[in-house]
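> A predicted structure for the sequence below; I have some questions about it.
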There are 2 protein chains.
Amino acid sequence: MQSFDAHELLKNADFFSGISDRSIRSLAAIGIPKRVEKRKLIFMEGDEGHSLYILAQGGVQLYKSAADGREIVIKTVKSGEIFGEVVLFEENKYPVSAVSLEKSLLLRLPKQQIDCLLISDSFRRDFIGMLMRKQRYLADRILYLAGHDVEERFFYFLEEQYGRKEEYRIPMSKKDIAAAIGTIPETFSRLLLRLKQEQKLRWEGENLYLAEDFWKGFETQ
Amino acid sequence: MQSFDAHELLKNADFFSGISDRSIRSLAAIGIPKRVEKRKLIFMEGDEGHSLYILAQGGVQLYKSAADGREIVIKTVKSGEIFGEVVLFEENKYPVSAVSLEKSLLLRLPKQQIDCLLISDSFRRDFIGMLMRKQRYLADRILYLAGHDVEERFFYFLEEQYGRKEEYRIPMSKKDIAAAIGTIPETFSRLLLRLKQEQKLRWEGENLYLAEDFWKGFETQ
DNA sequence: CATTCCCCTTGACCCAGATCAAGGGAAATT
DNA sequence: AATTTCCCTTGATCTGGGTCAAGGGGAATG
(Lines give C-alpha, C1' and ligand atoms only; values in the text may rest on other atoms or scores of the structure.)
Protein backbone atom coordinates (compact mmCIF):
# COMPACT_ATOMS: atom_id res chain seq x y z
CA MET A 1 0.00 0.00 0.00
CA GLN A 2 1.54 3.25 -1.12
CA SER A 3 1.31 6.62 0.54
CA PHE A 4 -1.59 8.73 -0.58
CA ASP A 5 -2.89 12.16 -1.35
CA ALA A 6 -6.09 12.49 0.60
CA HIS A 7 -7.44 15.26 -1.55
CA GLU A 8 -6.81 13.46 -4.82
CA LEU A 9 -8.38 10.36 -3.40
CA LEU A 10 -11.58 11.95 -2.24
CA LYS A 11 -11.94 13.87 -5.46
CA ASN A 12 -12.04 10.68 -7.45
CA ALA A 13 -14.43 8.87 -5.16
CA ASP A 14 -17.91 8.28 -6.59
CA PHE A 15 -19.42 8.95 -3.29
CA PHE A 16 -18.30 12.54 -3.32
CA SER A 17 -19.39 13.21 -6.86
CA GLY A 18 -21.97 15.64 -5.56
CA ILE A 19 -19.60 17.36 -3.21
CA SER A 20 -17.83 20.54 -4.15
CA ASP A 21 -14.08 20.75 -4.47
CA ARG A 22 -13.87 23.10 -1.55
CA SER A 23 -15.72 20.69 0.71
CA ILE A 24 -13.45 17.88 -0.36
CA ARG A 25 -10.37 19.92 0.34
CA SER A 26 -11.65 20.58 3.84
CA LEU A 27 -12.30 16.92 4.49
CA ALA A 28 -8.91 15.86 3.20
CA ALA A 29 -7.23 18.41 5.44
CA ILE A 30 -8.69 17.11 8.69
CA GLY A 31 -8.68 13.38 7.99
CA ILE A 32 -6.45 11.22 10.17
CA PRO A 33 -5.10 8.24 8.19
CA LYS A 34 -5.43 4.81 9.76
CA ARG A 35 -4.23 1.53 8.33
CA VAL A 36 -5.94 -1.72 9.23
CA GLU A 37 -5.09 -5.33 8.46
CA LYS A 38 -7.46 -7.81 6.86
CA ARG A 39 -10.51 -8.84 8.89
CA LYS A 40 -10.08 -6.34 11.67
CA LEU A 41 -12.99 -4.91 13.59
CA ILE A 42 -13.06 -1.15 13.09
CA PHE A 43 -15.98 -0.56 15.40
CA MET A 44 -18.78 -2.63 16.85
CA GLU A 45 -22.51 -2.16 16.96
CA GLY A 46 -23.30 -0.34 20.19
CA ASP A 47 -19.82 1.12 20.64
CA GLU A 48 -19.68 4.75 21.49
CA GLY A 49 -17.94 6.67 18.80
CA HIS A 50 -17.10 10.20 17.87
CA SER A 51 -15.65 9.78 14.42
CA LEU A 52 -16.82 8.92 11.00
CA TYR A 53 -14.62 7.11 8.52
CA ILE A 54 -13.86 7.35 4.86
CA LEU A 55 -12.58 4.22 3.18
CA ALA A 56 -9.58 5.29 1.14
CA GLN A 57 -8.34 1.92 -0.09
CA GLY A 58 -9.52 -1.61 0.49
CA GLY A 59 -12.91 -2.90 1.50
CA VAL A 60 -15.19 -2.78 4.52
CA GLN A 61 -18.44 -4.49 5.36
CA LEU A 62 -21.12 -3.14 7.67
CA TYR A 63 -23.30 -5.68 9.42
CA LYS A 64 -25.75 -6.16 12.26
CA SER A 65 -26.07 -9.26 14.40
CA ALA A 66 -29.37 -11.12 14.57
CA ALA A 67 -30.54 -12.63 17.86
CA ASP A 68 -29.31 -16.08 16.80
CA GLY A 69 -25.81 -14.81 16.06
CA ARG A 70 -26.06 -14.64 12.31
CA GLU A 71 -24.54 -11.54 10.81
CA ILE A 72 -26.65 -9.63 8.33
CA VAL A 73 -24.72 -7.41 5.96
CA ILE A 74 -26.19 -3.94 5.73
CA LYS A 75 -23.75 -2.54 3.22
CA THR A 76 -20.49 -3.34 1.55
CA VAL A 77 -18.46 -0.15 1.59
CA LYS A 78 -16.51 0.71 -1.53
CA SER A 79 -13.34 2.70 -1.55
CA GLY A 80 -14.21 6.39 -1.46
CA GLU A 81 -17.33 5.92 0.62
CA ILE A 82 -18.09 7.21 4.05
CA PHE A 83 -19.32 5.10 6.97
CA GLY A 84 -20.05 5.38 10.65
CA GLU A 85 -21.44 8.88 10.21
CA VAL A 86 -24.66 8.05 12.01
CA VAL A 87 -22.78 8.35 15.25
CA LEU A 88 -22.42 12.08 14.91
CA PHE A 89 -25.81 13.19 16.16
CA GLU A 90 -28.01 12.44 19.10
CA GLU A 91 -27.44 8.82 19.90
CA ASN A 92 -23.70 8.39 19.76
CA LYS A 93 -23.62 4.62 19.39
CA TYR A 94 -22.79 2.92 16.12
CA PRO A 95 -25.85 1.11 14.77
CA VAL A 96 -23.74 -1.43 12.86
CA SER A 97 -20.40 -3.17 13.13
CA ALA A 98 -17.62 -2.57 10.61
CA VAL A 99 -14.91 -5.03 9.55
CA SER A 100 -12.18 -4.70 6.97
CA LEU A 101 -12.43 -7.32 4.24
CA GLU A 102 -8.86 -6.73 3.16
CA LYS A 103 -5.88 -4.65 4.17
CA SER A 104 -7.36 -1.16 4.08
CA LEU A 105 -6.65 2.48 4.52
CA LEU A 106 -9.11 4.66 6.35
CA LEU A 107 -9.47 8.34 6.91
CA ARG A 108 -10.90 9.15 10.31
CA LEU A 109 -12.82 12.41 10.77
CA PRO A 110 -13.58 13.39 14.36
CA LYS A 111 -17.03 14.69 15.15
CA GLN A 112 -15.77 18.05 16.29
CA GLN A 113 -14.16 18.76 12.99
CA ILE A 114 -17.27 17.83 11.07
CA ASP A 115 -19.23 20.18 13.28
CA CYS A 116 -16.90 22.99 12.30
CA LEU A 117 -17.30 22.22 8.62
CA LEU A 118 -21.07 22.16 8.94
CA ILE A 119 -20.95 25.89 9.51
CA SER A 120 -20.13 26.21 5.85
CA ASP A 121 -23.24 26.55 3.78
CA SER A 122 -21.97 24.56 0.84
CA PHE A 123 -20.51 21.80 2.94
CA ARG A 124 -23.78 21.46 4.81
CA ARG A 125 -25.67 21.02 1.57
CA ASP A 126 -23.19 18.45 0.38
CA PHE A 127 -23.31 16.57 3.63
CA ILE A 128 -27.10 16.41 3.73
CA GLY A 129 -27.10 15.34 0.10
CA MET A 130 -24.75 12.52 0.95
CA LEU A 131 -26.98 11.35 3.78
CA MET A 132 -29.91 11.27 1.43
CA ARG A 133 -28.03 9.29 -1.16
CA LYS A 134 -27.26 6.77 1.55
CA GLN A 135 -30.92 6.65 2.45
CA ARG A 136 -31.76 5.91 -1.17
CA TYR A 137 -29.20 3.15 -1.12
CA LEU A 138 -30.69 1.50 1.95
CA ALA A 139 -34.19 1.63 0.49
CA ASP A 140 -32.83 0.00 -2.65
CA ARG A 141 -31.15 -2.67 -0.60
CA ILE A 142 -34.44 -3.55 1.08
CA LEU A 143 -35.95 -3.96 -2.37
CA TYR A 144 -33.03 -6.14 -3.50
CA LEU A 145 -33.17 -8.45 -0.52
CA ALA A 146 -36.95 -8.74 -0.37
CA GLY A 147 -37.77 -8.70 -4.05
CA HIS A 148 -35.01 -10.53 -5.90
CA ASP A 149 -33.53 -14.01 -5.84
CA VAL A 150 -29.92 -14.87 -5.11
CA GLU A 151 -28.86 -14.86 -8.76
CA GLU A 152 -30.21 -11.38 -9.35
CA ARG A 153 -28.68 -10.14 -6.14
CA PHE A 154 -25.30 -11.37 -7.29
CA PHE A 155 -25.66 -9.43 -10.55
CA TYR A 156 -26.62 -6.30 -8.65
CA PHE A 157 -23.65 -6.80 -6.39
CA LEU A 158 -21.22 -6.98 -9.28
CA GLU A 159 -22.71 -3.95 -10.94
CA GLU A 160 -22.84 -1.91 -7.81
CA GLN A 161 -19.34 -2.72 -6.61
CA TYR A 162 -17.46 -2.75 -9.88
CA GLY A 163 -19.78 -1.68 -12.68
CA ARG A 164 -20.71 -3.65 -15.80
CA LYS A 165 -17.58 -5.24 -17.16
CA GLU A 166 -16.47 -8.59 -18.50
CA GLU A 167 -13.37 -8.96 -16.37
CA TYR A 168 -13.16 -8.37 -12.64
CA ARG A 169 -10.51 -8.58 -9.99
CA ILE A 170 -12.37 -9.41 -6.83
CA PRO A 171 -10.35 -9.30 -3.63
CA MET A 172 -13.22 -10.48 -1.43
CA SER A 173 -13.61 -14.06 -0.26
CA LYS A 174 -16.61 -15.97 -1.58
CA LYS A 175 -17.87 -16.29 1.94
CA ASP A 176 -17.98 -12.50 2.22
CA ILE A 177 -19.68 -12.13 -1.15
CA ALA A 178 -22.29 -14.64 -0.05
CA ALA A 179 -22.95 -12.55 3.05
CA ALA A 180 -23.02 -9.37 0.97
CA ILE A 181 -25.78 -10.71 -1.25
CA GLY A 182 -27.73 -12.07 1.69
CA THR A 183 -27.13 -15.79 1.43
CA ILE A 184 -24.78 -18.51 2.74
CA PRO A 185 -21.56 -19.86 1.17
CA GLU A 186 -23.14 -23.15 0.12
CA THR A 187 -25.88 -21.49 -1.87
CA PHE A 188 -23.48 -19.06 -3.48
CA SER A 189 -21.15 -21.89 -4.38
CA ARG A 190 -23.99 -23.74 -6.06
CA LEU A 191 -24.99 -20.60 -7.94
CA LEU A 192 -21.45 -20.24 -9.29
CA LEU A 193 -21.42 -23.89 -10.30
CA ARG A 194 -24.62 -23.44 -12.26
CA LEU A 195 -23.50 -20.22 -13.94
CA LYS A 196 -20.25 -21.94 -14.90
CA GLN A 197 -22.11 -24.90 -16.38
CA GLU A 198 -24.27 -22.47 -18.30
CA GLN A 199 -21.03 -20.99 -19.62
CA LYS A 200 -21.85 -17.62 -18.17
CA LEU A 201 -18.65 -17.16 -16.20
CA ARG A 202 -15.21 -18.43 -15.30
CA TRP A 203 -13.60 -17.83 -11.93
CA GLU A 204 -9.83 -18.12 -11.62
CA GLY A 205 -8.36 -17.13 -8.27
CA GLU A 206 -9.30 -13.52 -7.78
CA ASN A 207 -10.27 -13.07 -11.42
CA LEU A 208 -13.78 -13.36 -12.68
CA TYR A 209 -14.58 -13.46 -16.39
CA LEU A 210 -18.10 -13.09 -17.65
CA ALA A 211 -19.62 -14.17 -20.96
CA GLU A 212 -20.20 -11.36 -23.43
CA ASP A 213 -23.94 -11.50 -23.10
CA PHE A 214 -23.89 -11.76 -19.33
CA TRP A 215 -25.51 -8.39 -18.84
CA LYS A 216 -28.10 -8.86 -21.54
CA GLY A 217 -31.59 -8.93 -20.22
CA PHE A 218 -30.60 -7.70 -16.81
CA GLU A 219 -32.47 -4.50 -16.11
CA THR A 220 -31.77 -2.05 -13.36
CA GLN A 221 -34.74 0.16 -12.86
CA MET B 1 -61.17 14.44 11.38
CA GLN B 2 -61.02 17.55 13.48
CA SER B 3 -59.11 20.72 12.76
CA PHE B 4 -55.62 20.76 14.14
CA ASP B 5 -52.89 22.81 15.67
CA ALA B 6 -49.81 22.08 13.64
CA HIS B 7 -47.45 23.18 16.33
CA GLU B 8 -49.05 21.08 19.04
CA LEU B 9 -49.09 18.14 16.73
CA LEU B 10 -45.47 18.24 15.78
CA LYS B 11 -44.43 18.78 19.36
CA ASN B 12 -46.03 15.53 20.42
CA ALA B 13 -44.67 13.49 17.53
CA ASP B 14 -42.02 10.95 18.49
CA PHE B 15 -40.15 11.68 15.39
CA PHE B 16 -39.39 15.19 16.44
CA SER B 17 -38.36 14.28 19.93
CA GLY B 18 -34.83 15.41 19.17
CA ILE B 19 -35.93 18.62 17.55
CA SER B 20 -36.00 21.87 19.43
CA ASP B 21 -39.19 23.76 20.08
CA ARG B 22 -38.03 26.63 17.92
CA SER B 23 -37.45 24.32 14.97
CA ILE B 24 -40.85 22.79 15.41
CA ARG B 25 -42.52 26.16 15.53
CA SER B 26 -40.83 27.04 12.25
CA LEU B 27 -42.00 23.86 10.60
CA ALA B 28 -45.55 24.25 11.82
CA ALA B 29 -45.64 27.78 10.48
CA ILE B 30 -44.80 26.88 6.91
CA GLY B 31 -46.65 23.60 6.58
CA ILE B 32 -49.51 23.47 4.09
CA PRO B 33 -52.27 21.11 5.29
CA LYS B 34 -53.56 18.53 2.84
CA ARG B 35 -56.27 15.98 3.42
CA VAL B 36 -56.30 12.70 1.53
CA GLU B 37 -58.84 9.91 1.36
CA LYS B 38 -58.08 6.27 2.03
CA ARG B 39 -55.80 4.51 -0.44
CA LYS B 40 -54.78 7.56 -2.39
CA LEU B 41 -51.40 7.87 -4.08
CA ILE B 42 -49.55 10.81 -2.58
CA PHE B 43 -46.57 10.52 -4.87
CA MET B 44 -45.04 7.87 -7.06
CA GLU B 45 -41.55 6.48 -7.30
CA GLY B 46 -39.78 8.48 -9.97
CA ASP B 47 -42.06 11.50 -9.74
CA GLU B 48 -40.36 14.83 -9.56
CA GLY B 49 -41.14 16.54 -6.31
CA HIS B 50 -40.21 19.60 -4.40
CA SER B 51 -41.90 19.00 -1.10
CA LEU B 52 -41.52 16.78 1.86
CA TYR B 53 -44.49 15.68 3.93
CA ILE B 54 -45.28 15.23 7.56
CA LEU B 55 -48.03 12.79 8.42
CA ALA B 56 -50.27 14.57 10.90
CA GLN B 57 -53.06 12.02 11.27
CA GLY B 58 -53.71 8.67 9.66
CA GLY B 59 -51.31 6.24 8.06
CA VAL B 60 -49.05 6.08 5.02
CA GLN B 61 -47.00 3.32 3.49
CA LEU B 62 -43.85 3.79 1.43
CA TYR B 63 -43.05 1.10 -1.10
CA LYS B 64 -40.96 0.29 -4.14
CA SER B 65 -42.03 -1.83 -7.07
CA ALA B 66 -40.03 -4.91 -7.99
CA ALA B 67 -39.51 -5.87 -11.64
CA ASP B 68 -42.33 -8.44 -11.48
CA GLY B 69 -44.80 -5.89 -10.17
CA ARG B 70 -44.76 -6.89 -6.52
CA GLU B 71 -44.69 -3.99 -4.14
CA ILE B 72 -42.10 -4.10 -1.39
CA VAL B 73 -42.88 -1.96 1.62
CA ILE B 74 -39.93 0.14 2.69
CA LYS B 75 -41.55 1.79 5.67
CA THR B 76 -44.91 2.23 7.32
CA VAL B 77 -45.13 5.87 8.30
CA LYS B 78 -46.60 6.66 11.68
CA SER B 79 -48.39 9.84 12.49
CA GLY B 80 -45.86 12.52 13.32
CA GLU B 81 -43.23 11.20 10.94
CA ILE B 82 -41.71 12.85 7.95
CA PHE B 83 -41.47 11.30 4.49
CA GLY B 84 -40.45 12.19 0.97
CA GLU B 85 -37.58 14.30 2.23
CA VAL B 86 -35.05 12.56 0.04
CA VAL B 87 -36.32 14.59 -2.86
CA LEU B 88 -34.86 17.78 -1.49
CA PHE B 89 -31.27 17.38 -2.59
CA GLU B 90 -29.49 16.45 -5.76
CA GLU B 91 -31.72 14.00 -7.51
CA ASN B 92 -35.20 15.44 -7.22
CA LYS B 93 -37.14 12.25 -7.88
CA TYR B 94 -38.90 10.33 -5.15
CA PRO B 95 -37.19 6.97 -4.59
CA VAL B 96 -40.39 5.37 -3.26
CA SER B 97 -44.14 5.60 -3.75
CA ALA B 98 -46.43 6.76 -0.95
CA VAL B 99 -50.07 5.73 -0.39
CA SER B 100 -52.44 6.60 2.40
CA LEU B 101 -53.68 3.55 4.27
CA GLU B 102 -56.58 5.47 5.76
CA LYS B 103 -58.10 8.92 5.59
CA SER B 104 -55.13 11.08 6.51
CA LEU B 105 -53.97 14.57 7.13
CA LEU B 106 -50.63 15.69 5.77
CA LEU B 107 -48.49 18.75 6.21
CA ARG B 108 -46.62 19.65 3.05
CA LEU B 109 -43.34 21.54 3.33
CA PRO B 110 -41.97 23.00 0.09
CA LYS B 111 -38.27 22.63 -0.59
CA GLN B 112 -37.66 26.35 -0.69
CA GLN B 113 -38.95 26.81 2.81
CA ILE B 114 -36.80 24.03 4.15
CA ASP B 115 -33.82 25.63 2.50
CA CYS B 116 -34.56 28.83 4.38
CA LEU B 117 -34.82 27.00 7.67
CA LEU B 118 -31.53 25.23 7.05
CA ILE B 119 -29.80 28.54 7.51
CA SER B 120 -30.60 28.22 11.17
CA ASP B 121 -27.86 26.43 13.01
CA SER B 122 -30.12 24.56 15.40
CA PHE B 123 -32.59 23.53 12.73
CA ARG B 124 -29.79 22.20 10.61
CA ARG B 125 -28.56 20.05 13.47
CA ASP B 126 -32.05 18.78 14.09
CA PHE B 127 -32.66 18.04 10.47
CA ILE B 128 -29.43 16.10 10.04
CA GLY B 129 -30.19 14.21 13.24
CA MET B 130 -33.56 13.24 11.85
CA LEU B 131 -31.99 11.95 8.65
CA MET B 132 -29.63 9.83 10.68
CA ARG B 133 -32.43 8.37 12.76
CA LYS B 134 -34.12 7.38 9.54
CA GLN B 135 -30.92 5.76 8.36
CA ARG B 136 -30.81 3.74 11.56
CA TYR B 137 -34.38 2.71 10.96
CA LEU B 138 -33.65 1.45 7.46
CA ALA B 139 -30.64 -0.53 8.66
CA ASP B 140 -32.84 -2.11 11.31
CA ARG B 141 -35.44 -2.95 8.71
CA ILE B 142 -32.88 -4.78 6.62
CA LEU B 143 -32.03 -6.82 9.70
CA TYR B 144 -35.70 -7.56 10.36
CA LEU B 145 -36.45 -8.69 6.87
CA ALA B 146 -33.28 -10.71 6.36
CA GLY B 147 -32.80 -12.10 9.83
CA HIS B 148 -36.21 -12.81 11.30
CA ASP B 149 -39.18 -14.98 10.40
CA VAL B 150 -42.70 -13.74 9.74
CA GLU B 151 -43.85 -14.24 13.33
CA GLU B 152 -41.02 -12.16 14.76
CA ARG B 153 -41.57 -9.50 12.15
CA PHE B 154 -45.18 -9.23 13.18
CA PHE B 155 -44.13 -8.70 16.81
CA TYR B 156 -41.66 -6.03 15.77
CA PHE B 157 -44.34 -4.38 13.71
CA LEU B 158 -46.73 -4.17 16.64
CA GLU B 159 -44.07 -2.84 18.95
CA GLU B 160 -42.76 -0.32 16.48
CA GLN B 161 -46.14 1.03 15.41
CA TYR B 162 -48.00 1.01 18.68
CA GLY B 163 -45.64 -0.02 21.47
CA ARG B 164 -45.98 -2.98 23.83
CA LYS B 165 -49.57 -3.18 24.94
CA GLU B 166 -52.24 -5.80 25.42
CA GLU B 167 -54.98 -4.03 23.52
CA TYR B 168 -54.66 -2.40 20.14
CA ARG B 169 -56.89 -0.54 17.75
CA ILE B 170 -55.45 -1.24 14.35
CA PRO B 171 -56.99 0.70 11.48
CA MET B 172 -54.91 -1.04 8.82
CA SER B 173 -56.21 -3.88 6.68
CA LYS B 174 -54.60 -7.28 7.17
CA LYS B 175 -53.44 -7.15 3.60
CA ASP B 176 -51.49 -3.98 4.36
CA ILE B 177 -50.04 -5.43 7.55
CA ALA B 178 -48.91 -8.46 5.59
CA ALA B 179 -47.13 -6.17 3.15
CA ALA B 180 -45.65 -4.15 6.01
CA ILE B 181 -44.04 -7.22 7.54
CA GLY B 182 -42.82 -8.45 4.18
CA THR B 183 -45.16 -11.32 3.46
CA ILE B 184 -48.44 -12.08 1.66
CA PRO B 185 -52.01 -12.10 3.05
CA GLU B 186 -52.28 -15.89 3.01
CA THR B 187 -49.21 -16.38 5.14
CA PHE B 188 -50.23 -13.67 7.55
CA SER B 189 -53.70 -15.16 7.84
CA ARG B 190 -52.19 -18.53 8.70
CA LEU B 191 -49.92 -16.93 11.27
CA LEU B 192 -52.93 -15.32 12.96
CA LEU B 193 -54.78 -18.63 12.92
CA ARG B 194 -51.89 -20.33 14.66
CA LEU B 195 -51.42 -17.59 17.25
CA LYS B 196 -55.15 -17.74 17.97
CA GLN B 197 -55.05 -21.52 18.39
CA GLU B 198 -52.10 -21.07 20.73
CA GLN B 199 -54.32 -18.65 22.69
CA LYS B 200 -51.89 -15.82 22.16
CA LEU B 201 -54.34 -13.35 20.67
CA ARG B 202 -57.90 -12.51 19.72
CA TRP B 203 -58.80 -10.27 16.80
CA GLU B 204 -62.19 -8.60 16.73
CA GLY B 205 -62.79 -6.13 13.95
CA GLU B 206 -60.19 -3.44 14.39
CA ASN B 207 -59.36 -4.55 17.90
CA LEU B 208 -56.52 -6.84 18.75
CA TYR B 209 -56.12 -8.36 22.22
CA LEU B 210 -52.93 -10.10 23.23
CA ALA B 211 -52.35 -12.66 25.97
CA GLU B 212 -50.63 -11.30 29.08
CA ASP B 213 -47.41 -13.12 28.40
CA PHE B 214 -47.34 -12.24 24.74
CA TRP B 215 -44.26 -10.08 25.04
CA LYS B 216 -42.41 -12.47 27.29
CA GLY B 217 -39.33 -13.85 25.68
CA PHE B 218 -39.37 -11.40 22.86
CA GLU B 219 -36.16 -9.45 22.92
CA THR B 220 -35.40 -6.30 21.04
CA GLN B 221 -31.70 -5.72 20.99
C1' DC C 1 -82.20 -6.36 -4.86
C1' DA C 2 -78.85 -8.20 -7.55
C1' DT C 3 -74.26 -7.98 -8.85
C1' DT C 4 -69.76 -6.97 -8.71
C1' DC C 5 -65.71 -6.39 -6.19
C1' DC C 6 -62.52 -6.85 -2.72
C1' DC C 7 -60.94 -8.74 1.69
C1' DC C 8 -60.03 -12.60 4.14
C1' DT C 9 -59.48 -17.38 4.89
C1' DT C 10 -58.32 -22.25 4.16
C1' DG C 11 -56.55 -26.19 1.49
C1' DA C 12 -53.20 -28.47 -1.58
C1' DC C 13 -48.94 -28.11 -3.54
C1' DC C 14 -44.30 -26.63 -4.61
C1' DC C 15 -39.74 -24.72 -4.50
C1' DA C 16 -35.68 -21.71 -3.44
C1' DG C 17 -32.70 -21.85 -0.43
C1' DA C 18 -31.32 -23.13 4.44
C1' DT C 19 -29.43 -26.84 7.24
C1' DC C 20 -26.61 -30.77 8.18
C1' DA C 21 -22.80 -33.50 6.96
C1' DA C 22 -18.58 -34.70 4.84
C1' DG C 23 -14.33 -34.04 2.60
C1' DG C 24 -10.30 -31.76 -0.05
C1' DG C 25 -6.96 -28.33 -0.30
C1' DA C 26 -4.39 -24.18 0.91
C1' DA C 27 -2.45 -21.53 4.49
C1' DA C 28 -1.18 -20.68 8.95
C1' DT C 29 0.55 -22.30 13.50
C1' DT C 30 3.46 -25.39 16.56
C1' DA D 1 6.71 -31.82 8.66
C1' DA D 2 2.82 -32.34 11.18
C1' DT D 3 -1.30 -30.39 12.77
C1' DT D 4 -4.81 -27.33 13.12
C1' DT D 5 -7.80 -24.19 10.97
C1' DC D 6 -10.34 -22.07 7.61
C1' DC D 7 -12.29 -21.75 2.96
C1' DC D 8 -14.69 -23.83 -0.49
C1' DT D 9 -17.37 -27.33 -2.52
C1' DT D 10 -20.79 -30.98 -3.17
C1' DG D 11 -24.43 -34.16 -1.61
C1' DA D 12 -28.71 -35.25 0.89
C1' DT D 13 -32.49 -33.53 3.18
C1' DC D 14 -35.85 -30.37 5.09
C1' DT D 15 -38.98 -26.50 5.56
C1' DG D 16 -40.88 -21.68 5.68
C1' DG D 17 -43.41 -19.53 3.12
C1' DG D 18 -44.86 -18.53 -1.69
C1' DT D 19 -48.22 -19.94 -5.48
C1' DC D 20 -52.51 -21.52 -7.16
C1' DA D 21 -57.22 -22.33 -6.42
C1' DA D 22 -61.56 -22.05 -4.30
C1' DG D 23 -64.98 -20.22 -1.47
C1' DG D 24 -67.67 -16.97 2.00
C1' DG D 25 -68.99 -12.59 3.48
C1' DG D 26 -69.36 -7.65 3.67
C1' DA D 27 -69.46 -3.22 1.31
C1' DA D 28 -70.26 -0.71 -2.53
C1' DT D 29 -72.35 0.03 -7.02
C1' DG D 30 -75.89 -0.42 -10.72
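It's in.

> what ranges do the strands span in chain A?
A:32-36, A:41-43, A:51-57, A:60-65, A:71-77, A:82-83, A:97-100, A:104-110, A:167-169, A:201-204, A:207-210 (DSSP state E).

> the longest helix seen in chain A vs strand B:71-77, what angle?
Longest helix in chain A, counting residues (DSSP state H): helix A:121-147. Angle between the axes of helix A:121-147 and strand B:71-77 is 130 degrees (criterion: axes from the mean of the first three to the mean of the last three C-alpha atoms, to 10 degrees).

> check whether helix A:121-147 comes near DNA strand C.
No - under the criterion of C-beta under 7 Å from any atom of the strand, DNA strand C is not reached by helix A:121-147; the shortest gap measures 9.8 Å. To be clear about C-beta, it is placed using only N, CA and C from the backbone, and glycine gets the same treatment.

> list phi and psi for A:Ala66.
phi -80, psi 170 (degrees, to the nearest 10).

> quick one: it and B:Ile142, what's the gap?
Separation of A:Ala66 from B:Ile142 (C-beta to C-beta, to the nearest Å): 11 Å.

> the two - which one has more neighbours?
Ranked by neighbour count (other C-beta atoms under 10 Å in any protein chain shown), A:Ala66 and B:Ile142 place B:Ile142 first, with 24 against 16.

> touching, the more buried one and A:Ala139? I think so.
No - in terms of C-beta atoms under 8 Å, B:Ile142 does not count as a neighbour of A:Ala139; the distance is 10.0 Å.

> how many other residues sit next to A:Tyr94?
A total of 21 residues lie near A:Tyr94 under the criterion other C-beta under 10 Å.

> wait, it sits on A:Phe43?
Yes - applying C-beta under 8 Å, one finds A:Tyr94 in contact with A:Phe43, separated by 5.1 Å.

> what touches both of the two?
Listed as contacting both A:Tyr94 and A:Phe43 by C-beta atoms under 8 Å, 6 or more residues apart in numbering or on different chains are A:49, A:84.

> per-domain residue ranges of chain A.
What automatic domain parsing lists as the domains of chain A is A:6-146, A:148-219.

> picking that back up, now list whatever residues contact both of A:Ala66 and B:Ile142.
Counting by C-beta under 8 Å, 6+ apart, the contacts common to A:Ala66 and B:Ile142 are A:Ile72.

> run a quick neighbour tally on A:Trp215.
Counted with other C-beta under 10 Å, A:Trp215 comes out at 16.

> ok, it to A:Gly182 distance?
Taking C-beta to C-beta, one finds A:Trp215 at 21 Å from A:Gly182.

> and A:Arg124, by the same measure?
To A:Gly182, A:Arg124 is 34 Å away according to C-beta to C-beta.

> just A:Glu81 next, same as before
Going from A:Glu81 to A:Gly182 by C-beta to C-beta gives 19 Å.

> over to A:Leu201?
A:Leu201 is 20 Å from A:Gly182, by C-beta to C-beta.

> find the centremost residue of chain A, please.
A:Val77 (1.2 Å; C-alpha atoms, centre = their mean).

> nearest residue to it other than its sequence neighbours?
A:Val60 (4.1 Å; C-beta to C-beta, 6 or more residues apart in numbering or on different chains).

> you'd agree the one you found is up against A:Ser97?
No - using C-beta under 8 Å, A:Val60 is not in contact with A:Ser97, being 10.4 Å away.
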